[in-house]
Every structure is written in structure tokens, then in C-alpha cells.
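Enquirer: turn this into a structure:
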Amino acid sequence: MLAKLLRLIVFVLLVFSPFTQSLVVYAQSLPKIEQEVTEAIEESTPRKAVSRLIAALASDSNDRLSESFDLSRTRGISSAQTKRVISHFPNLLNSSGTIYPIGLVSDSPTGSDEVGLSPNFEKIGVIQIGSNEVPIHLERVLISPDTYDWLISKQTILELVSVVDLSKQSLIDKYSLQILKDKVWRGAPVAHWISIPILMISSTIIAWILYLLMRRSIAIAALKSKNQRIEVLYALIFPFCLVIGVLLFWWAERLLGISIVIRQEVGSITVSFLWIALFITFWSLMNSISAQGEKILREKKRLGGVSLVIFFRAIAKVTLIIVTAILVLNSYGIDVTTGLAALGIGGIAIALGAQKAIENIVGSIIIVIDQPFRVGDFCQIGDLLGTVEHIGLRSTRIRTRTDTVVTFPNGELSSERIENFTLRRRFLLKTILNLRYETRTDNLEQILDSLRLNLIENPVVAKDSLRVRFIGFGASSKDVEIFAYISAKDYDQFLERQESILLSFDEIVEKGGSGFAFPSQTVYLSRDTEPEPC
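Expert: Here you go, the predicted structure:
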């Protein structure tokens, strides 16, 4: 119950934050908007033109609003028609129009070079009238020999003139009390301000009900299927419903025709909040997927893979935070280009200082992907023999045959020659039997036949590579070479089977009437005779 209450509080705080913040932002923005209007026009940008337009709409003055339109003479448009468009323009925006959040509008004096638009044009919104969509375009107009300004284009005015009903009322104006419509606060009717918290509460309740229904449905599905992986969806329900709540609020304020002045101020916060909701969604998704991956890798005892999952998860989270921060700042119109340039320079400096650390991290990624060895494998790395005990992000630990631990930096280890004995499919038995020189030829032939038969009948010996041959006369023995591959799961089992085979060789040699020679020398003694006297 406490967990549900906490989630409800988070929902309300998150959804209500745009409203409370919008009042503060709006109150603080009016002086700034007034200041921007008085700035030199030669530095005019589409973003400043939108700010000037919103300030004019808030002032409810047609004279100020007309300063945002291109009023130069155009064939097919009379001055009376232009004045009519300007007078009904606020109502059109409120009932069926949208102006993009200020952060999404270009702040360049020459515009954004949007694909599909002519040069010196900038699209800042749209008015939906029935099935017709009238784009709101700004045009860069030369108003004096050295001065340009961004104004609502004559083409937009011409398209609005053709609209049959410019005086279309919004839904909220149709059904609101007259006293609430007549009373204006901060450039918008009080009825519109009152509707904002009502919409937020409604969208929050709907999103919360959807959250409970989805949670219940997934719980039933998980119980029936007995599939633990379906529980990953639990982490995505809350952020998903959060996104739905924001989208519901955004859709409802446009459906009711909330004043464009309010929507413009709330718009940047709504967009930024949508990015945050998507951030929570992707964050939860990364946690769920990585947790499942870690569980599978731990079951398979691939600890190096676990380290790699942790590393990539950390990188992905940092990237997600940076991207979300950039998007949120952009939605408020904050230029992050300078900050990114400084971050790039700082990143280069850090990379140069941490060159070895980065080399080791890259080495660990190569080791985990290439998998030349795993934890528990017996390997020879360079001149070192030992068992792999741990594969980390920076280094790998090897337990040697003398029970010491050697730590290899992964950057160096990835370029070493590695011989993995654990990956062998079979082990080589190669030995030479030194038989006594007294062994007769018929006995030697009998011993060779018995050795071959013994190995052929042994199920652990590979028959395709078996070889038993008399190879020559040694310094003190007749030499018989035995070459065979022994199947075994590890080196210890190979030693056990090799021991059994070698003992059988000893028995065969003894039964064959021979024995094993050992190094010996024969010393011949002689004595010189005295010469006969002449």
C-alpha cells in the first residue's frame, strides 16, 4: 500500500510540475520578451520573432500583433482582409492552432534551412481548419537597406484569408462562464488557466488507472505462463503510463483550445517532461535487459561477460543522461554547442591521460568477445602456465602451478600468444619404449603386435592416429615409438588414463620375454706385449 501511495505521489508531482513551473517561467519571461522586442532588429531570428509574437498575443493588442506580420502590399489581399486575419489570428491559434515550443525554433539569423522550405522561410506552427492544414511560416524580410526581420509571411496571410470562418470559437470558450472568459490574467482568460490543473489531474488519473490495469494484466499473464522473463515488463509499465499521461494532457489542451499564450509557456516544459519520461523508460529497459543478461551469464559462469555487460550498461547510461540533458536544454532554447565543444576538449584530455586504462578496457572487450579462454581454463600465456581465476575490466588473474597469482593487464594480454589446454578435444600420448638388446626378433614382433592390439581395444584411444613402430637401434636399447591420442575431459583425467595405459605396456613387455634397458657401457681391457729381442 505504501509503495502504491509513493507511486501516486510521484505521478502527481511529475505531472503537476509543468503547471507550477509554467507560472514562474511565464512571469519571468514577460520582461525578457519586452526586452527582446526593443533589441536591434538587424539581429532578428525566428526564435525572437516567436517570442515577440507571444508577447503581442499576451498583450491583446492588434497594433502590437500587426508588427509580427508582413504588411507589404500583395495582389489578391486587401488591407481590410489583412486586418481581419490579424484580429482573428489569436482566436484561430487558440481553437485549432499550434506554435512550436520556443526551444525547437531556430535561433540563427538566417533560419534553419529546413528541408522542403524555400530559403529565408521558417515554419513555426500550424493551424488545422477542418481537413485543411495551414502552415504558419515566417519570412526573412528586408525592411531597410541593411536590416532584416522575420515576419509572418504574406503566403500565410493569403491562405488564412481563404478560411471561411475566422471567428471559430474554441470548445473551452463555448462552455465557460462569461465572467471567466472576460477576466484576463497574464494575457489569457482565467477560464483557460483554471482548465490547466483540471486537465493535469484528469490525465494523471487516467494514466494511473491504465498503470493499475496493465500491472494486473501482466501479473496474471506471468502467473499463467510461469515465464519469469515476462516480469521485465513490470519495469516498463510506470514510465510508459507516464508518457501516456503527458500525451493525454498535450492532446486535451489542443482539443479544448487552450490559449496559445499558456500552451506556448507550458509547451517547453511539456516537451522536456516527455523527454524525461522517455529517459525513465529507456533507463528501466536497460536495467531489466542487463539484469537478465547478467543472470544468464552467471548461470553459465561467464564472469568476463558479466563484467562486459556492466561496462556497457554504464556507458549506455552515461550516454542516455547526456542525450536527455541536451534534449531538455534544447526544449528550453538553451544553446549547448559551446558546452559540447568544451566537453569534447576535456574528453580528449582525459583520453590522453587515461590511455592505458582505455587500452585495458578495449583489451577486456576483445578477450570477452574473442573468448581465447574462460575462468577455470588451464593456459600457457607466453612462458607462463596457469589457471585463469578472474577476468576483469582492467586485468586478468592467473594462478600458476607454484600457486602464485600473476596479474596481466588486459591490454597486454590481448596481444599475447595464448595456448589453451582446456579446449583440447584429446590429449597426445607419445613415448618411446627402450627394450634390451637381448630381445630376440620374434619376441620384439610379438611385443609390437600386443601393444597395437592393446591400444586398438582401448575405447579411450583414437584409432585414426594410432601408431606403434620399431624405430631403430639406440645407444643401449632397441627403441619402439608409441603415438596415440587419448580422449579426456581435462588434463587430470588424461593423466589417469595415460597411467593405466603405461602400466599395461609394462606388463606386455614382461610377458613378451623382454625388459627395459638402461644406459650401460662395455669396457674392454687389453695389455700390450713386449717386442721380441732381435
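Enquirer: list the buried ones in whichever strand or helix holds residue 291?
Expert: Mapping residue 291 onto the secondary structure by DSSP states H and E places it in helix 260-299. Applying a neighbour-count criterion of 16 or more other C-beta atoms under 10 Å, one finds 260-284, 286, 288, 290, 293-294, 297 buried in helix 260-299. Placement of C-beta: from N, CA and C, glycine included.
Enquirer: tell me if residue 483 really is in a strand.
Expert: Yes: per DSSP: H, G, I helix; E, B strand; the rest coil, residue 483 lies within a strand segment.
Enquirer: now for the nearest residue to it once chain neighbours are set aside: which residues touch it?
Expert: Leaving out its chain neighbours, the residue that sits closest to residue 483 by C-beta to C-beta, 6 or more residues apart in numbering is residue 467, at 4.1 Å. Listed by C-beta atoms under 8 Å, 6 or more residues apart in numbering, the contact set of residue 467 reads 481, 482, 483, 484.
Enquirer: count the residues that sit near the first one.
Expert: Burial of residue 481 is recorded as 14 neighbouring residues (other C-beta atoms under 10 Å).
Enquirer: and it, what does it touch?
Expert: Counting by C-beta under 8 Å, 6+ apart, residue 481 makes contact with 430, 431, 432, 467, 468, 469, 471.
Enquirer: confirm residue 433 sits in a helix?
Expert: No: the assignment for residue 433 is strand, going by three-state DSSP, so no helix is present there.
Enquirer: specify the beta-bridge partners of it.
Expert: The bridge-partner assignment for residue 433, based on DSSP bridges, gives residue 480.
Enquirer: now the top strand by length along the chain, how far from the centre of its chain.
Expert: Ranked by residue count and defined by DSSP state E, the top strand of the chain is strand 132-144. Centroid displacement of strand 132-144 relative to its chain, using C-alpha atoms, centre = their mean, to the nearest Å, is 40 Å.
Enquirer: strand partners of that strand, parallel vs antiparallel please.
Expert: For strand 132-144, the paired strands and their directions (DSSP bridges) read strand 121-129 (antiparallel), strand 147-152 (antiparallel).
Enquirer: mean pLDDT lowest where, among those?
Expert: Summarising mean pLDDT across the strands paired with strand 132-144, the least confident stretch is strand 121-129, with a mean of 86.
Enquirer: in that one, what counts as buried?
Expert: Using 16+ other C-beta under 10 Å as the test for burial, strand 121-129 gives 121, 122, 123, 124, 125, 127, 129.
Enquirer: sorry, back to before: per-residue confidence averaged over the longest strand of the chain?
Expert: For strand 132-144, mean pLDDT is 86.
Enquirer: C-alpha coordinates for it, PDB please?
Expert: The C-alpha atoms that make up strand 132-144 are tabulated as PDB, following Å, rounded to 0.1, in the frame of the first residue of the first chain:
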ATOM      1  CA  ASN A 132      -7.100  21.700 -44.300                       C
ATOM      2  CA  GLU A 133      -3.800  22.400 -42.700                       C
ATOM      3  CA  VAL A 134      -2.400  26.000 -42.900                       C
ATOM      4  CA  PRO A 135       1.300  26.200 -42.000                       C
ATOM      5  CA  ILE A 136       2.500  29.300 -40.200                       C
ATOM      6  CA  HIS A 137       5.600  30.500 -42.000                       C
ATOM      7  CA  LEU A 138       8.000  33.300 -41.000                       C
ATOM      8  CA  GLU A 139       9.800  35.000 -43.900                       C
ATOM      9  CA  ARG A 140      13.000  36.900 -43.700                       C
ATOM     10  CA  VAL A 141      12.000  40.400 -45.000                       C
ATOM     11  CA  LEU A 142      14.300  43.300 -45.900                       C
ATOM     12  CA  ILE A 143      12.700  46.300 -44.100                       C
ATOM     13  CA  SER A 144      15.500  48.800 -44.600                       C
END
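Enquirer: format the strands paired with strand 132-144 as TSV; extra columns: distance to residue 384.
Expert: Compiled in TSV, the strands paired with strand 132-144 are given as follows (distance: least, C-beta to C-beta, whole Å):
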stretch	distance to residue 384
strand 121-129	67
strand 147-152	71
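Enquirer: how about those, which one is nearest residue 423?
Expert: For residue 423, the closest of those is strand 121-129, at 62.2 Å, according to C-beta to C-beta.
Enquirer: for that closest one, what is the distance to the chain centroid?
Expert: With C-alpha atoms, centre = their mean, you get 35 Å for strand 121-129.
Enquirer: now do stretch 429-447
Expert: For stretch 429-447 - counting by C-alpha atoms, centre = their mean - the centre lies 68 Å from the chain centre.
Enquirer: and stretch 457-474, what's buried?
Expert: If you call a residue buried by 16+ other C-beta under 10 Å, then stretch 457-474 has these buried ones: 458, 460, 461, 466, 468, 470.
Enquirer: span of that stretch from start to end?
Expert: 29 Å (C-alpha to C-alpha, to the nearest Å).
Enquirer: 848 is where my numbering starts, stick with that
Expert: Sure thing, new numbering starts at 848, so read that last one as stretch 1304-1321.
Enquirer: and that stretch, average pLDDT?
Expert: Across stretch 1304-1321, pLDDT averages out at 90.
Enquirer: do the same with stretch 1268-1285
Expert: When pLDDT is averaged over stretch 1268-1285, the result is 87.
Enquirer: for it, C-alpha coordinates in CSV please.
Expert: These are the backbone C-alpha positions of stretch 1268-1285, laid out as CSV (Å, rounded to 0.1, in the frame of the first residue of the first chain):
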residue,chain,number,x,y,z
PHE,A,1268,44.9,-26.6,-22.9
THR,A,1269,41.4,-26.9,-21.7
LEU,A,1270,39.9,-26.5,-25.2
ARG,A,1271,41.8,-29.6,-26.4
ARG,A,1272,39.5,-32.3,-27.8
ARG,A,1273,42.0,-35.1,-27.0
PHE,A,1274,45.5,-35.4,-25.4
LEU,A,1275,48.6,-36.8,-27.1
LEU,A,1276,50.4,-39.9,-25.6
LYS,A,1277,53.8,-40.1,-27.1
THR,A,1278,56.5,-42.2,-25.6
ILE,A,1279,59.5,-44.4,-26.6
LEU,A,1280,60.0,-47.9,-25.0
ASN,A,1281,63.7,-48.7,-24.7
LEU,A,1282,63.9,-52.6,-24.9
ARG,A,1283,67.0,-54.6,-24.0
TYR,A,1284,69.4,-55.5,-26.8
GLU,A,1285,69.0,-59.1,-25.8
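Enquirer: lowest-pLDDT helix or strand in this protein?
Expert: helix 849-884 (a mean of 42; mean pLDDT, DSSP states H and E).
Enquirer: which helix or strand lies directly C-terminal to that one?
Expert: Reading on from helix 849-884 to the C-terminus, the next helix or strand found by DSSP H and E is helix 893-906.
Enquirer: what about the helices in the stretch 998-1147 of the chain?
Expert: Listed in chain order, the helices of the stretch 998-1147 of the chain (DSSP state H, counting those that start in this stretch) span residues 1001-1008, 1018-1022, 1025-1029, 1037-1072, 1081-1103, 1107-1146.
Enquirer: mind putting these into JSON lines with distance to residue 897?
Expert: Supplementary listing: those in JSON lines, determined by distance: least, C-beta to C-beta, whole Å:
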{"stretch": "helix 1001-1008", "distance to residue 897": "14"}
{"stretch": "helix 1018-1022", "distance to residue 897": "23"}
{"stretch": "helix 1025-1029", "distance to residue 897": "26"}
{"stretch": "helix 1037-1072", "distance to residue 897": "20"}
{"stretch": "helix 1081-1103", "distance to residue 897": "18"}
{"stretch": "helix 1107-1146", "distance to residue 897": "8"}
